[in-house]
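[1] The following comprises the amino acid sequence and a computationally predicted model.
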Number of protein chains: 2
Amino acid sequence: MNKSTPSDLLAALRWRYATKQFDPSRHIPADVWNALEESLVLTPSSFGLQPWKFIVVRDPAVRERLKLESWNQPQATDASHFVVLAARCDLGEGDIDGWIQCLAEVQGQPVENFARLKGMIVGFAETMSHESRHAWNVRQTYIALGQLMAAAAMLGIDTCPMEGISTAAYDRILGLEGGGHATAVACALGYRAADDKYAEMPKARYPRERVIHRIG
Amino acid sequence: MNKSTPSDLLAALRWRYATKQFDPSRHIPADVWNALEESLVLTPSSFGLQPWKFIVVRDPAVRERLKLESWNQPQATDASHFVVLAARCDLGEGDIDGWIQCLAEVQGQPVENFARLKGMIVGFAETMSHESRHAWNVRQTYIALGQLMAAAAMLGIDTCPMEGISTAAYDRILGLEGGGHATAVACALGYRAADDKYAEMPKARYPRERVIHRIG
């Protein structure tokens, strides 16, 4: 494995910014996009449950409709790719059984060997209300968002996370209603436009002393 | 900037797994740790508000106490580094003013120039209840978690995200109570032990067709 150096990593993370204007003429090459989709698939999640769907929207007409539900932000239509991260609305025994089944197959073991793990997950999920389980799943999609944006930066791909969206309208437009998943957040990916003035602004972050605390 | 290749990125993301046994004798070198702390600082957040604190716990006695509040999982004590990601409990006008102040300084502009942005953030935050604003902030810390784990994998550092923790006990042990931030999630970082059997297990993920959907 070719590791990155600390300085390459930091150069990538400093290069990235929430791109406001994408260059609509530039398209992410297939091999790069494939790696970004795979980074979504590989995202770590609580107990490995992967309580999500990632909807890659290419249809320009659908993206136009999503833009209207995104405060008209042009990223929804102008970026090379647009992904909607949707979270499972609940997490029940069926989800857990499905995951144990997958795990058993991959590891070539009978599902019975996972009885203890299943009990642990069921016990964890049972302590929560329906709403809390949905919120838990939504948080998992934010791990995916974080990994996706970091991965994209390492590959020289620009991103813009989009929280200012009408999730209910997204659900309707994407046909998610009643399907057990709901829109959590979206992310536009592509290449910054040459004239996006935000690209040149100095990155603003609180000083490290303010956000990092040390004990011991 | 030295970009990564798609195959290097995927090799890193496939190499990572939720490490169960860390090698307690191996310590992350200072330059690598510095880059990981900086990746936390650089994490993107909604409106750039950075509603978080990251607590790096080195004190072995404190880590021992945290372990007791983490289902006794050995990662809390054995990993080279242990970070607790804490979220702001609310988000009020003071937080927004503080952020606008920082932005104005970095960009060398008067705060008045950011009046429209401030109005937008206040408007966004006002639509939420106290609880929703806390949940919003917690979600932001999961972006940090996702970026941190991806960055660590690129640098060849193992991680284990830890959700199965008693956040209230963590708050007490870390002295967070009453300070405006609360524990959201934790992450252990370091090097896998040679005998961690989980390292050799095949990675289990749902097939791509199940999690990625395409429209258009």
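    Here it is on my side, so go on. Numbering: from 1, shown residues only, chains lettered A, B, ... in the order given.
[2] where do the strands sit along chain A?
    A:52-57, A:81-88, A:158-162, A:181-190, A:212-215 (DSSP state E).
[3] A:A150 is nearest to which of those?
    Ranking these by proximity to A:A150 (CB to CB) places strand A:158-162 first, at 9.4 Å. Where C-beta positions appear, they are placed from N, C-alpha and C, glycine not excepted.
[4] Now do the closest one and strand A:81-88, the angle between them.
    40 degrees (axes from the mean of the first three to the mean of the last three CA atoms, to 10 degrees).
[5] For strand A:158-162, list the C-alpha coordinates in CSV.
    These are the backbone C-alpha positions of strand A:158-162, laid out as CSV (Å, rounded to 0.1, in the frame of the first residue of the first chain):
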residue,chain,number,x,y,z
ASP,A,158,-13.9,19.4,-5.4
THR,A,159,-16.9,18.9,-3.2
CYS,A,160,-19.7,20.9,-1.7
PRO,A,161,-21.7,19.4,1.2
MET,A,162,-25.3,20.5,1.0
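[6] For that strand, give me every contacting residue.
    A:16-20, A:22, A:70, A:73, A:75-76, A:79, A:145, A:148-149, A:152-153, A:185-192, B:44, B:46, B:143 (CB atoms under 8 Å, 6 or more residues apart in numbering or on different chains).
[7] Tell me how far it lies from the chain's centre.
    10 Å (CA atoms, centre = their mean, to the nearest Å).
[8] Angles on the backbone of A:E163, please.
    phi -100, psi -20 (degrees, to the nearest 10).
[9] what residues are up against the closest residue to A:F47 other than its chain neighbours?
    Leaving aside its chain neighbours, A:F47 sits nearest to A:I121 (5.0 Å; criterion: CB to CB, 6 or more residues apart in numbering or on different chains). For A:I121, the residues meeting the contact criterion (CB under 8 Å, 6+ apart) are A:F47, A:L49, A:I96, A:W99.
[10] So how do I select the buried members of the contacts of strand A:158-162 in PyMOL?
    Listed next is the PyMOL selection for buried residues among the contacts of strand A:158-162, using 16 or more other CB atoms under 10 Å in any protein chain shown:
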select buried, (chain A and resi 16+17+18+19+20+22+70+73+75+76+79+145+148+149+152+153+185+186+187+188+189+190+191+192) or (chain B and resi 44+46+143)
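[11] So which of the contacts of strand A:158-162 are in helices?
    A:Q75, A:A76, A:L145, A:L148, A:M149, A:A152, A:A153, B:I143 (DSSP state H).
[12] mind listing what the residue most central in space within chain A touches?
    Computing the C-alpha centroid of chain A and ranking residues by CA atoms, centre = their mean puts A:L145 first, at 2.9 Å. A:L145 sits next to A:L85, A:P161, A:V185, A:C187, B:Y142, B:I143, B:G146 when contact means CB under 8 Å, 6+ apart.
[13] Pull the most distant pair out of these.
    That would be A:C187 and B:Y142, which, of the contacts of A:L145, are the farthest apart (CB to CB) at 13.9 Å.
[14] How many residues are close by the closest residue in space to A:K203 that isn't next to it in sequence?
    Nearest residue to A:K203 in three dimensions, chain neighbours excluded: A:R14, at 6.2 Å (CB to CB, 6+ apart). Residues lying near A:R14 (other CB atoms under 10 Å in any protein chain shown) number 14.
[15] sorry, back to before: what would the contacts of A:L145 look like in JSON lines with distance to A:Y206 and pLDDT?
    Below are those laid out as JSON lines (distance: CB to CB, whole Å; pLDDT from 0 to 100):
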{"residue": "A:L85", "distance to A:Y206": "26", "pLDDT": "98"}
{"residue": "A:P161", "distance to A:Y206": "19", "pLDDT": "98"}
{"residue": "A:V185", "distance to A:Y206": "23", "pLDDT": "98"}
{"residue": "A:C187", "distance to A:Y206": "24", "pLDDT": "98"}
{"residue": "B:Y142", "distance to A:Y206": "19", "pLDDT": "98"}
{"residue": "B:I143", "distance to A:Y206": "15", "pLDDT": "98"}
{"residue": "B:G146", "distance to A:Y206": "20", "pLDDT": "98"}
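[16] any idea which of those residues is closest to B:M128?
    A:V185 (15.1 Å).
[17] Contact partners for that closest one?
    With CB under 8 Å, 6+ apart, A:V185 has these contacts: A:V84, A:L85, A:T141, A:Y142, A:L145, A:P161, A:M162, A:E163, A:I165.
[18] and which of those residues is nearest chain B?
    Nearest to chain B out of the contacts of A:V185 is A:Y142 (CB to the nearest CB; 3.6 Å).
[19] Provide a list of residues in contact with the nearest residue to that closest one once chain neighbours are set aside.
    Spatial nearest neighbour of A:Y142, chain neighbours left out: B:Y142 (3.6 Å); criterion: CB to CB, 6+ apart. By CB under 8 Å, 6+ apart, B:Y142 lies in contact with A:R139, A:Q140, A:Y142, A:I143, A:L145, A:G146, B:A184, B:V185.
[20] hang on, the fourth one packs against B:G146?
    I take that to be A:I143. Yes: counting by CB atoms under 8 Å, A:I143 does reach B:G146; the two are 4.0 Å apart.
[21] list residues touching both of those two?
    Both A:I143 and B:G146 are in contact with A:T43, where contact means CB under 8 Å, 6+ apart.
[22] Can I get the contacts of B:Y142 in CSV including distance to A:R172?
    Listed next are the contacts of B:Y142 as CSV, based on distance: CB to CB, whole Å:
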residue, distance to A:R172
A:R139, 24
A:Q140, 23
A:Y142, 23
A:I143, 26
A:L145, 22
A:G146, 27
B:A184, 31
B:V185, 32
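[23] Tell me the one of the residues you listed nearest B:G216?
    The closest of the contacts of B:Y142 to B:G216 turns out to be A:L145 (CB to CB; 21.7 Å).
[24] roughly how far apart are A:S132 and A:F54?
    In this view, A:S132 and A:F54 are 23 Å apart by CB to CB, to the nearest Å.
[25] of those two, who's got more company?
    Counted by other CB under 10 Å, A:S132 and A:F54 do not tie: A:F54 has more neighbours, with 21 against 14.
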